[in-house]
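Chemist: got a structure for you, letters missing:
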């Protein structure tokens, strides 16, 4: 642009090709905004990678009374027999000793399922507010193996063979199927929800491949003639708390409030078939 001064005519001449750039910086701002949106959509800061949490170590005495740290975890499952008592015999769920010892299809395809739930703001769990977030299956062959010398029901001769019982232990040296818990390293994937935190609630079911039945378990036994109804918030769950500093977890008894630690050699996690 050029300004010309004259005595008889004062005017400003503007070239038709002149641009004042009133949108200066608009393109840069739009590109910056576009990059921010793409970053939020394509490469968010949330960490969706899961990590492995191990059962927290506890102190155990050796035969020489020398304490050492142990990380194994123990589960016991109890079925109801025909008398209404609890037992650890697969015959009570229609799997015979022979089917058990020979690991026939109905035995190998039956399994226990551990289910882990979270609730909004760690409320006491029930079927209306819980959300299933993780599960793991424990098949029969993962249980303890014993040599059975008794005579099975309906048989005339002793079995004298190995069978499996519903006792599961996980350790670094043996079965690790029920040893580890997998969850996120932080709560960023749930930043806009109410299910954050380090607390989980665990329950169990048994899926019988022989007859297709499903058995629910509770966290405490009842006497044969007990008629007191179950209270879900108190009788169904164990409480699991993870530690994100060392990626470990601890299982506690739960009856509406936090109880003692469970899962150790001296205090296993016991699940009992739910009475109707």
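Modeler: Cool, the structure landed. Computed from a prediction, not measured in an experiment: that's the story for all the values here.

Chemist: over to residue 189. Which of the three states is it?
Modeler: Here residue 189 is recorded as helix under DSSP: H, G, I helix; E, B strand; the rest coil.

Chemist: can you count the residues close to it?
Modeler: Number of residues near residue 189 (other C-beta atoms under 10 Å) recorded here: 17. C-beta here means a position set from N, CA and C on the backbone, and glycine is covered the same way.

Chemist: can you check residue 125 too?
Modeler: Residue 125: 23 neighbours (other C-beta under 10 Å).

Chemist: go ahead and confirm it touches residue 119.
Modeler: Yes - with contact defined as C-beta atoms under 8 Å, residue 125 and residue 119 form a contacting pair (5.0 Å).

Chemist: hey, what's in contact with both of those two?
Modeler: Here residue 125 and residue 119 have residue 201 as joint contacts, going by C-beta atoms under 8 Å, 6 or more residues apart in numbering.

Chemist: residues contacting residue 197?
Modeler: Applying C-beta under 8 Å, 6+ apart to residue 197 gives the contacts 118, 121-122, 187.

Chemist: if you set the cut-off to 6 Å instead, what comes out?
Modeler: residue 122 (C-beta atoms under 6 Å, 6 or more residues apart in numbering).

Chemist: tell me the phi and psi of it?
Modeler: Main-chain dihedrals, residue 197, degrees, to the nearest 10: phi 110, psi 180.

Chemist: and the residue lying closest to residue 124 once chain neighbours are set aside, how many residues sit next to it?
Modeler: What sits nearest to residue 124 in space, not counting adjacent residues and going by C-beta to C-beta, 6 or more residues apart in numbering, is residue 233, at 4.6 Å. Look at residue 233: counted by other C-beta under 10 Å, it has 15 neighbours.

Chemist: residue 233 contacts residue 256, doesn't it?
Modeler: Yes - taking contacts as C-beta atoms under 6 Å, residue 233 lies within contact range of residue 256: 5.4 Å.

Chemist: residue contacts, residue 203?
Modeler: Applying C-beta under 6 Å, 6+ apart, the residues near residue 203 are 115, 236-237.

Chemist: mind running it again at 10 Å?
Modeler: Residue 203 sits next to 113-117, 125, 130, 132, 216-219, 232, 236-238, 271 when contact means C-beta atoms under 10 Å, 6 or more residues apart in numbering.

Chemist: re the thing from before, helices or strands next to the one helix or strand the residue nearest to residue 124 maps to in the packing?
Modeler: Element membership for residue 233, per DSSP states H and E: helix 232-235. Secondary-structure packing of helix 232-235 (3 or more C-beta pairs under 10 Å, 6 or more residues apart in numbering; DSSP states H and E): strand 214-218, strand 248-254.
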